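[1] Requesting a structural model of the entry that follows:
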Amino acid sequence: MLDEEGNPDIDEVELLGGKPDAEEDGWDVDDDLALPADVEARAGVDDEDGFYSPPTRGQPPAFYWPNSSRLVADHVTAGAFDSAARLLQDQLGIIRIEPFKQHFLTAFARSRTAFEGLPSAGPNFAYPLRNWQESSGKNGLPAVGLHLGDLANRLQTCYHLTTSGKFAEAIEKLRQLLLSVPLLIVDSKQEVAEAQQLIDICREYLVGLLLETARKELPKDSIENAKRNAEMAAYFTHCQLQPVHQILTLRTAINLFFKLKQMKTCASFCRRLLELGPKPEVAAQIRKVLAAAEKDPTDAHKLHYDELNPFVVCSRTFTPLYRGKPQVKCPFCGASYSPDLAGGICDVCQVAEIGRDTIGLRISVVQGNK
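    Residues are numbered from 1 along each chain as shown. This is a model prediction of the structure:
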């Protein structure tokens, strides 16, 4: 039907299904929804009272760092010490975390900066990022606070202490240096190799200095103790040290073996020392000892030392583990032990379980995300 103007004449009652006062129910737009209370509170900005509810506080950038990285240093700087401890255990077999306490706290403290905001409002914190140029929000990672060069400088201090004969202090600083390596973050495989080399250097010096410290504590009241003293001095000469320190170990062994009438082995030590190019006055003295030893090139006693058979020293018993014989290692520092010592705590680093299977040091994304 058309109205007077020619337009369709629509009966609204008929359109609504014969219900004049009925609401259109063809669209599900019911306002009666069970909304959470906090949502309704925030929506109250436009209510009759004009009440304002501030937005929910977000998470700081450090909250997301552990989820974005498998590197120990990133977890430590975020304050996620538990997950950092688990990573240390999986990667390096470290089961004693207490010695890392100061390292963790230092790394955590330097991961953020504080600056003054509004008066009486408390400090504000900023989180420097190492990937700030390409990061966005949750993808940021903390700036690096510990560098390989810093550890190299600390190693020089350990060298000076060793040269000065301050073995106890050198041992302490070498251990602290060793614990710092897993907290590094580097960018290349070359730097990863240098970090591993730093671990090896620390191990060699620690094993040698622990060996020498134990040797000096031996009594000297019998021939058996004198023989053991000479054996340990000989083992020390096989630790991979800097030439200046290698010369000192050989001079000690030469003196002990000469006094014990072990002339054949003493002469061998003299030749090894001369090959290292000592100072002229030292070289002159050693040549005199060599000449005296070569007059009667025999050994008066049978010692547990075979210089021609390659070996490593057990870091607890200080006895040789010759090539081809069973041995277990510390997964962190690489110190060697007799197989019966597996499962104990390493005497060198004092934090890792001897013989534990691990995936190895992880301090760079170039090593993979394992």
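[2] Domains of the chain: list them as residue ranges, please.
    The chain breaks down into these domains under automatic domain parsing: 148-213, 222-294.
[3] Just send these back as CSV, with mean neighbour count too.
    Bear in mind the C-beta positions are built from the backbone N, C-alpha and C, glycine included. Shown next, in CSV, are those (neighbours: other C-beta atoms under 10 Å):
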stretch, mean neighbour count
domain 148-213, 18
domain 222-294, 18
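[4] which stretch among the ones you listed comes nearest Cys346?
    domain 148-213 (9.6 Å; C-beta to C-beta).
[5] Distance to Gln89 and mean pLDDT added to the domains of the chain, as TSV?
    Listed next are the domains of the chain as TSV, based on distance: least, C-beta to C-beta, whole Å; pLDDT from 0 to 100:
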stretch	distance to Gln89	mean pLDDT
domain 148-213	11	97
domain 222-294	28	95
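[6] I'd like to know which of these is closest to Gly93.
    Set against Gly93 and scored by C-beta to C-beta, those come closest in domain 148-213, at 11.3 Å.
[7] what about the longest helix along the chain, distance to the chain center?
    If you go by DSSP state H, the chain has its longest helix at helix 189-216. Distance, stretch centre to chain centre, for helix 189-216: 14 Å (C-alpha atoms, centre = their mean, to the nearest Å).
[8] Out of the domains of the chain, the one nearest Leu321 is which?
    Going by C-beta to C-beta, the one of these nearest Leu321 is domain 222-294, 10.6 Å.
[9] can you pull the pLDDT of the closest residue to Ser188 other than its chain neighbours?
    Excluding the flanking residues, the one nearest Ser188 by C-beta to C-beta, 6 or more residues apart in numbering is Val366, at 6.5 Å. At Val366, the model reports a pLDDT of 89.
[10] isn't Val366 right up against Glu191?
    No: Val366 lies out of contact with Glu191 (C-beta atoms under 8 Å); the separation is 9.0 Å.
[11] Select, out of the domains of the chain, the one closest to Arg70.
    Of all these, domain 148-213 sits nearest to Arg70, with 11.5 Å by C-beta to C-beta.
[12] end to end, how far does that closest one reach?
    Start and end residues of domain 148-213 are separated by 29 Å (C-alpha to C-alpha, to the nearest Å).
[13] One more: stretch 77-86?
    Stretch 77-86: ends 15 Å apart by C-alpha to C-alpha.
[14] How far away from the center of its chain is that stretch?
    Worked out by C-alpha atoms, centre = their mean, stretch 77-86 lies 12 Å from the chain centre.
[15] Stretch 79-94 too?
    That offset, for stretch 79-94, works out to 10 Å (C-alpha atoms, centre = their mean).
[16] And the contacts of that stretch?
    Residues outside stretch 79-94 that contact it (C-beta atoms under 8 Å, 6 or more residues apart in numbering): 62, 65-66, 70-72, 75-76, 95, 97, 100, 104, 108, 182, 330-332, 351-353, 356-362.
[17] Make sure Asn124 is indeed in a strand.
    Yes: judged by DSSP: H, G, I helix; E, B strand; the rest coil, Asn124 forms part of a strand.
[18] If you count neighbours, what's buried in stretch 353-370?
    353-356, 358, 361-364, 367 (16 or more other C-beta atoms under 10 Å).
[19] Lowest-confidence one in those residues?
    Among these, Gln367 has the weakest pLDDT, 87.
[20] Format the domains of the chain as TSV; extra columns: distance to Asp340.
    Shown next, in TSV, are the domains of the chain (distance: least, C-beta to C-beta, whole Å):
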stretch	distance to Asp340
domain 148-213	19
domain 222-294	19
